[in-house]
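no letters, just coordinates:
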């Protein structure tokens, strides 16, 4: 199983980025997908998750209204659209796959990607 996160980069505060997560080696449509992030020196934290069908999404309070999680099961891909970015959004962003619940708890996820760095300058 491989999860390849991409789309990170350097952006000014207030800007936008779209992260992608390309999945292979699993039946993508059976998995809930989550996005997590880890800032330097901090613990990994939940950002957003989407159910296997795409019908259900959940967000961390810190990103609600600014980030949108989506997926395309035909392309085996998940996405995280980020707008109104803030310096505190700076982190390595990871995508993860979970066959069971797609929760906000990292320990429930089965597979993880390698991460993509998002840097938001002030």
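In hand now; what should we look at? All of these numbers come straight from a predicted model, not from anything done at the bench.

isn't there a strand covering residue 88?
No - when DSSP: H, G, I helix; E, B strand; the rest coil is applied, residue 88 is found to be helix, with no strand at that position.

tell me which residue is most central in the chain.
With distances taken as C-alpha atoms, centre = their mean, the residue of the chain nearest its centroid is residue 35 (2.5 Å).

hmm, what's the outermost residue in this structure?
residue 122 (22.4 Å).

hang on, the earlier thing: bridge partners for the residue nearest to the centre of the chain, pull those for me.
Under the criterion DSSP bridges, residue 35 forms beta bridges with residue 48, residue 95.

need the contact list for it.
Going by C-beta atoms under 8 Å, 6 or more residues apart in numbering, residue 35 touches 19, 21, 47-49, 67, 69, 78, 80, 93-96. For glycine as for every other residue, the C-beta is placed from the backbone atoms N, C-alpha and C.

which of the residues you listed count as buried?
When burial is judged by neighbour count using 16 or more other C-beta atoms under 10 Å, the buried members of those are 19, 21, 47-49, 67, 69, 78, 80, 93-96.

of the residues you listed, closest to residue 39?
Ranked by distance to residue 39 (C-beta to C-beta), the buried ones among the contacts of residue 35 are led by residue 93 at 10.3 Å.

surely the closest one touches residue 37?
Yes - with contacts defined as C-beta atoms under 8 Å, residue 93 counts as touching residue 37 at a distance of 4.8 Å.

bridging residues for residue 71?
Residue 71 forms beta bridges with residue 78, as assigned by DSSP bridges.

for it, give me its contacts.
33, 50, 54, 77, 78, 79.

repeat the analysis, applying 10 Å as the threshold.
Contacts for residue 71 were tallied using C-beta atoms under 10 Å, 6 or more residues apart in numbering; they are 21, 23, 28-29, 31-33, 50-54, 57, 77-79.
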